[in-house]
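Asks: Okay, sequence plus prediction incoming.
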Amino acid sequence: MARTNKIAAAAKKLSPVRYAEYKQLIADNVIYLVSSGISVAAACKEIGVERANITHWAGENKEFAQQLARAREEAAFLLAESTVEIARDKDIDPKRARNIIQAQQWLAGKYNPNMFGDKQRLEVTHKTHEEVLLQLESLDRKMIDVSPVS
C-alpha cells in the first residue's frame, strides 16, 4: 500500500505531456517518408520529431489521419513489390530472404489489410423461397413478352 502511494505521489509531480503544435511541413514530410516505405518511427527519427506528436496529430486532425492511412496503403504496395525483388535476388542468403519476405508480407498486411491481409472475405446472399418464386415469375413474364407470335 505504501508503494502505491509513492507511485501516485511521483505521478502527480510529473508534468502533463505537451505535444508540439501541428506543423504542415513536418506532417507532409512524414506522409512522404511513410508512403516511400519507411515506418512512422523511422520517419520521425529522420525528421527529428517525437512519434507521440504524430500519433497525437493523427488523433486530432482527421485529414492528417486519412493521409497517413493512405501513405501506409501505398507503402504496402512498395513492400509487396520489393518482396518479389528479394525473392529473385540470388545474392541473398535464402534463409535471410525468407525472413525479410515474411516480415514485409506481414507489414503489408497490416498497412493494407483489404489487399494484402490474411483474412479472406466470403459474401453470401440468401434468398427466401418466396423471393426465388417472384424472380421466376418475373422471368416467365419476360419470356412470354418476347415469344414469337404465331
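Replies: Ah, there it is.

Asks: C-alpha from now on. contacts and neighbour counts both.
Replies: Fine.

Asks: tell me which residues in stretch 54-70 are buried?
Replies: Neighbour counts using 16 or more other C-alpha atoms under 10 Å place 54, 57, 58, 64, 65, 67, 68, 69, 70 of stretch 54-70 among the buried residues.

Asks: I meant to write stretch 100-115 there.
Replies: Those would be 100, 101, 104, 105, 106, 107, 108, 109, 110, 111, 112, 113, for stretch 100-115 by 16+ other C-alpha under 10 Å.

Asks: The second one is in contact with residue 85, isn't it?
Replies: No: with contact defined as C-alpha atoms under 8 Å, residue 101 and residue 85 do not form a contacting pair (9.8 Å).

Asks: Would you mind giving the buried residues of stretch 54-70 as TSV with pLDDT added?
Replies: Putting the buried residues of stretch 54-70 into TSV (pLDDT from 0 to 100) gives the following:
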residue	pLDDT
54	95
57	95
58	95
64	96
65	96
67	97
68	96
69	95
70	96
